[in-house]
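Trainee: When you get a sec, could you give me coordinates for this:
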Amino acid sequence: MDGISITTIISLIILAIVVVALVKTAQIVPQRSAYIVERLGRYSRTLDAGFHILIPFIDRVAYRQTLKEEALDVPKQQCITKDNITVSVDGVLYLQVLDAQAASYGISDYRFAAMSLAQTTLRSIIGQIELDKTFEERARINEEVVKAVDDAAQPWGVKVMRYEIADILLPTTINDALEQQMRAERERRAVVARSEGERQEKINISEGEKAQIINLSEAEKQKQINEAEGKAREIQMLAAATAQGIERIATAINQPGGKEAVSLRIAEQYVREFGRLAKEGNTLILPAELSNIGGAVAGLSQILQNVGTSKP
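Mentor: Next up, the predicted model:
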């Protein structure tokens, strides 16, 4: 019974040794990972993704490094700006292992080192910028942090991809002052916008009145031109009608019996006008030729005859 127990124990020990040997011998490296193998305490080789066989109890996996891009949360820290304002800043640092051997032997903890360097660099950069500029120049701050950390991380086999400021927190008193400043700025812009609107309104009204005056003056000018043209046309038509009437009278005088008709017409008109003059006033003016009406009529007839004969 004791012999069986000893044999069983020995078998179990041998089995355990075999299992441990198999575990240490066969290594499966996941994708985007790298294992650092040491042989008898010294660096031997770097295992890429896949299946690998090691020498039991001689080779061992000392470090397991991921080659994926990592996002490290940089803790919040207090920074003092150039104008002596304390702000709390936190961010996210993105980095990637390019050389697994350097990342394993170049520094004990590249993650902690990268975060600490990012914090110190951020404090130094913000200390050179005034408070108002910290919000406007986030991109420049991020670029400078990446450059500083990446230069320091090259011996570690680590590439710093980017850094992003997550949040910038200000003291309560500073927040209140900034809100008052922003409120005053908004009110100023509102006043300027209102004054610009009133100014534009006055300009538009004056331009409208100017255009109205110009239109009225142009209309008055055109009216006067039209009236002048109408009067000129009227005078031309009256002159033409008068000339045509005179021409017809002259033509009629030259017809047989025309002269006698004209003489009779003149006599009748003379008597009519003389009678009208006598009715309109108490004073009666008698012409010296009243006794010789026929002579006056004959004189007028002679004038008409001369006009008729002088017509070409």
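Trainee: Could you use CA atoms for every contact and neighbour count after this?
Mentor: Fine.
Trainee: For the stretch 51-200 of the chain, which segments count as strands?
Mentor: 59-66, 69-80, 86-97, 158-169 (DSSP state E, counting those that start in this stretch).
Trainee: contacting residues around the shortest one?
Mentor: What that stands for is strand 59-66. Under the contact criterion Cα atoms under 8 Å, 6 or more residues apart in numbering, strand 59-66 has outside partners 24, 32-40, 54, 97, 100, 103-104.
Trainee: If any of those are buried, put those into a ChimeraX selection.
Mentor: This is the ChimeraX syntax for the buried subset of those, where burial follows 16 or more other Cα atoms under 10 Å:
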select :24,33,34,35,36,37,38,39,54,97,100,103,104
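Trainee: Mind picking the two most distant members of the contacts of strand 59-66?
Mentor: Farthest pair in the contacts of strand 59-66 (Cα to Cα) is Arg32 and Leu40. Separation: 26.3 Å.
Trainee: Can you show me the helices along this protein?
Mentor: Applying DSSP state H to the chain gives helices spanning 2-25, 100-105, 110-126, 131-136, 138-153, 172-253, 258-280, 293-310.
Trainee: Pipe the ones you listed into JSON lines and attach distance to Ile80 and mean pLDDT per row.
Mentor: Below are the helices of the chain laid out as JSON lines (distance: least, Cα to Cα, whole Å; pLDDT from 0 to 100):
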{"stretch": "helix 2-25", "distance to Ile80": "53", "mean pLDDT": "75"}
{"stretch": "helix 100-105", "distance to Ile80": "33", "mean pLDDT": "94"}
{"stretch": "helix 110-126", "distance to Ile80": "7", "mean pLDDT": "93"}
{"stretch": "helix 131-136", "distance to Ile80": "9", "mean pLDDT": "83"}
{"stretch": "helix 138-153", "distance to Ile80": "14", "mean pLDDT": "93"}
{"stretch": "helix 172-253", "distance to Ile80": "13", "mean pLDDT": "82"}
{"stretch": "helix 258-280", "distance to Ile80": "118", "mean pLDDT": "65"}
{"stretch": "helix 293-310", "distance to Ile80": "120", "mean pLDDT": "55"}
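Trainee: okay if I get those helices as TSV plus distance to Thr86?
Mentor: TSV is the format used below for the helices of the chain (distance: least, Cα to Cα, whole Å):
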stretch	distance to Thr86
helix 2-25	54
helix 100-105	35
helix 110-126	10
helix 131-136	9
helix 138-153	17
helix 172-253	9
helix 258-280	116
helix 293-310	120
